[in-house]
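[1] mind folding the following:
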Amino acid sequence: MPEPDEPFFLTRSMVDEIHEAALAAYGGLRGVLNEHLLESAINQPRHTFHYGGSDLFDVAAAYAFTSLPTIRIGTVNKRTGIGSALIFLEMNGIETKRLPELPIYECVIKVADHKMDRKELAAFLREMLDRP
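    Below is the predicted model:
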């Protein structure tokens with residue numbers, strides 16, 4: 001159970017499920033290149049929240065960024081990253097279904113190509129989703 005005013009964070013098993021769902025939908029290889037980096041990546045968003053003075057959109061962007069590097073074998077790391085970010089937002093009361101598919105796809109590609117940083121991704125998510 002989270003502390004008061006603390007968001008619900010994803011667990012390792014939740015991120016593994018998101019990754020497995022992406023593998024089932026799109027194919028790819030299974031395996032982890034570095035177990036320690038993967039654990040660190042999954043815990044980075046918690047650090048972002050507690051020490052970065054961040055909001056939910058900053059934390060979601062941290063999930064996308066920490067899952068995007070090739071920590072796992074295979075080709076669905078970007079899908080795992082953005083899936084983790086969006087599920088984190090949903091778990092914390094932010095509706096993501098209205099997020100247009102093409103713009104989020106374009107953002108993920110920009111992130112993967114190092115043309116968009118974490119703050120820019122957070123700003124995009126905030127702009128698209130932080131309104132009634």
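
[2] for the chain, what helix or strand is lowest in average pLDDT?
    helix 35-51 (a mean of 86; mean pLDDT, DSSP states H and E).

[3] what residues does that helix touch?
    Here helix 35-51 makes contact (CB atoms under 8 Å, 6 or more residues apart in numbering) with 6-7, 9-12, 15, 32, 54, 58-60, 62-63, 65-67, 69, 71-72, 88. Any C-beta I mention is one placed from the backbone N, CA and C, and that applies to glycine too.

[4] rerun that using 6 Å as the cut-off
    Phe9, Arg12, Val15, Val32, Ser54, Asp58, Val59, Ala62, Tyr63, Thr66, Ser67, Ile71 (CB atoms under 6 Å, 6 or more residues apart in numbering).

[5] which element follows it toward the C-terminus?
    For helix 35-51, the following helix or strand on the C-terminal side (DSSP states H and E) is helix 56-67.

[6] could you point out the helix or strand that follows that following helix?
    helix 77-91.

[7] now that following helix and helix 56-67, what's the angle there?
    150 degrees (axes from the mean of the first three to the mean of the last three CA atoms, to 10 degrees).
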